[in-house]
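Q: Below are the sequence and a predicted model; questions follow.
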Amino acid sequence: MELIRSLAQLRPQHRGCVATIGNFDGVHRGHQVILKQLQQHAQALQLPTTVIIFEPQPQEFFAPDRAPPRLTRLREKLIAFQRYGIDRVLCLRFAKTALLTADTFIQTILIEGLGIQYLVVGDDFRFGKGRTGDFKLLQQAGMQAGFQVESQHTFIVDGDRVSSTRIRQALRQGDMQLAQQLLGHPYTLSGRVRHGFQRGRTIGFPTANIFLHRHASPVNGVFAVRVHGLETYPINGVANLGTRPTVDGQDLLLETHLFDFQRMIYGHYVDVEFVKKIREEQRFASFEALKQQIQIDAATARTYLETHS
Ligand SMILES: Cc1cc2nc3c(=O)[nH]c(=O)nc-3n(C[C@H](O)[C@H](O)[C@H](O)COP(=O)(O)O)c2cc1C
Ligand SMILES: Nc1ncnc2c1ncn2[C@@H]1O[C@H](COP(=O)(O)OP(=O)(O)OP(=O)(O)O)[C@@H](O)[C@H]1O
């Protein structure tokens with residue numbers, strides 16, 4: 001898969017493709033339907049697939065303080081696109097794209113930049129300055145410029161539209177099963193294991209730490225987890241995602257204690273799959289009280305994972 005980081009990087013060989021546009025936060029089941037459609041048309045037309053995304057995401061650009069925490073960072077989206085067989089990703093800097101009217105967006109990006117032949121979008125897709133562009137406008141432009149546009153029906157689970165907002169809500173409520181159903185895969189956070197303050201090992205719970213480098217996460221609290229990327233099979237564990245109020249922590253940290261595992265894993269890149277929420281993070285009166293609770297959490301997680309494999 002090829003990543004094209006700006007319009008300026010587009011070359012004549014990138015022209016002629018089957019494309020879609022959007023945030024694709026979570027690359028959830030609604031998005032997956034679009035990606036599948038894209039592939040089918042690309043195969044029929046013998047053209048490559050191109051996904052157009054924006055960085056930062058529009059909400060993060062317009063209201064950075066109010067934007068909800070992302071489900072997937074750029075790296076995770078790219079891994080998902082690759083998994084779904086996408087050929088190219090055009091990642092546009094939204095600061096520039098935000099200024100384009102819908103007509104200019106179509107002309108400069110879709111027609112002159114990519115020379116698209118076929119476009120697939122969701123039925124509520126909006127774009128361009130003031131979100132004035134829609135399926136109808138795309139269709140009119142397509143008739144003039146010679147490309148086809150298809151609108152995909154809203155993908156629904158249990159009577160409601162699958163959306164990144166709904167997935168965030170499920171995660172906030174600790175409903176990992178619903179989140180998985182909407183995502184089409186379990187919710188996972190990835191990162192490199194770093195050194196912690198090493199108090200964990202003094203209480204018998206050494207942890208693999210992943211700094212999330214962000215202010216907010218869609219999930220918080222204590223979870224039964226499966227960690228991928230260390231062995232050929234997943235390793236069970238118990239994790240806390242939070243700021244560790246008991247030890248006056250500040251940064252958002254994902255700390256995982258792996259069961260029956262002793263290897264040094266600093267520097268390893270791992271995927272932590274959130275299987276079951278156990279409880280919210282709390283401030284404990286003492287480190288001893290926290291230790292006792294972690295013992296209970298570990299036993300709860302172990303039992304759950306062993307009985308739900
Ligand atoms: C399963 C588990 C649950 C935890 N729950 C909490 C919690 O509720 N409140 C809290 O302040 N810290 C919690 N922690 C984080 C501990 O404060 C942290 O692991 C401890 O301070 C040791 O960190 P260090 O090894 O980086 O020094 C939890 C850690 C684990 C592994
Ligand atoms: N449930 C769905 N069914 C069909 N198409 C969808 C669905 N969710 C998103 N899409 C489409 O996928 C493409 C990329 O979506 P994007 O993430 O930008 O939009 P969105 O509608 O804001 O999604 P979300 O609400 O999930 O964040 C768009 O064309 C959008 O219309």
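A: Happy to help now that I have it. Ligands and ions are numbered 1, 2, ... in the order given.
Q: Does the longest strand seen in the chain reach ligand 1?
A: If you go by DSSP state E, the chain has its longest strand at strand 269-279. No. Remark: strand 269-279 sits outside contact range of ligand 1, by Cβ under 6 Å from any ligand atom, the gap being at least 7.4 Å. To be clear about C-beta, it is placed using only N, CA and C from the backbone, and glycine gets the same treatment.
Q: partners of that strand, with directions?
A: Taking DSSP bridges as the criterion, strand 269-279 forms sheet pairs with strand 188-192 (antiparallel), strand 221-228 (antiparallel).
Q: can you list the residues of the stretch 151-300 of the chain near ligand 1?
A: So the stretch 151-300 of the chain meets ligand 1 at 196-200, 205, 207, 222, 238, 240, 244-247, 255, 257, 281-284, 290, 294, 297 (Cβ under 6 Å from any ligand atom).
Q: Can you flag which of those residues belong to strands?
A: Per DSSP E, these map to strands at 222, 238, 240, 255, 257.
Q: pLDDT, neighbour count and distance to residue 308 for those residues - can I get that in TSV?
A: Output for these, formatted as TSV (pLDDT from 0 to 100; neighbours: other Cβ atoms under 10 Å; distance: Cβ to Cβ, whole Å):
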residue	pLDDT	neighbour count	distance to residue 308
222	98	25	17
238	98	25	14
240	98	23	20
255	96	21	22
257	95	21	19
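Q: Those residues: which ones sit near ligand 2?
A: Answer for those near ligand 2: none qualify (Cβ under 6 Å from any ligand atom).
Q: Would you convert those into JSON lines that also reports distance to residue 171?
A: Output for those, formatted as JSON lines (distance: Cβ to Cβ, whole Å):
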{"residue": "222", "distance to residue 171": "14"}
{"residue": "238", "distance to residue 171": "18"}
{"residue": "240", "distance to residue 171": "15"}
{"residue": "255", "distance to residue 171": "18"}
{"residue": "257", "distance to residue 171": "21"}
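Q: so which of the residues you listed comes closest to residue 81?
A: Of all those, residue 255 has the smallest distance to residue 81: 29.7 Å, by Cβ to Cβ.
Q: That closest one and residue 211 touch, don't they?
A: No. With contact defined as Cβ atoms under 8 Å, residue 255 does not count as touching residue 211 (10.1 Å).
Q: any shared contact partners between those two?
A: Counting by Cβ atoms under 8 Å, 6 or more residues apart in numbering, residue 255 and residue 211 have no shared contacts at all.
Q: Contacts only, for residue 176.
A: 170, 186-187, 223, 274-277.
Q: Kindly report the same for residue 196.
A: Neighbouring residues of residue 196 by Cβ under 8 Å, 6+ apart: 207, 209, 253, 255.
Q: repeat that with 10 Å
A: The contact partners of residue 196, taken as Cβ atoms under 10 Å, 6 or more residues apart in numbering, are 206-211, 244, 253, 255, 266.
Q: For ChimeraX, write the selection for the buried entries among the residues you listed.
A: Of the contacts of residue 196, the buried ones go into a single ChimeraX selection, burial set by 16 or more other Cβ atoms under 10 Å:
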select :206,207,208,209,210,244,253,255
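Q: Which one of the contacts of residue 196 is nearest to residue 174?
A: Nearest to residue 174 among the contacts of residue 196: residue 255, at 17.9 Å, using Cβ to Cβ.
Q: Buried residues in stretch 178-185, which are they?
A: Across stretch 178-185, burial judged by 16+ other Cβ under 10 Å covers 178-180, 182-184.
Q: quick revisit: and among the strands paired with strand 269-279, the most buried is which?
A: For those, the largest average neighbour count (mean count of other Cβ atoms under 10 Å) is found in strand 221-228, namely a mean of 23.
Q: out of everything not next to it in sequence, what's closest to the residue in the stretch 1-150 of the chain that ligand 1 sits nearest to?
A: Nearest residue of the stretch 1-150 of the chain to ligand 1: residue 69, at 19.6 Å (Cβ to the nearest ligand atom). What sits nearest to residue 69 in space, not counting adjacent residues and going by Cβ to Cβ, 6 or more residues apart in numbering, is residue 216, at 4.1 Å.
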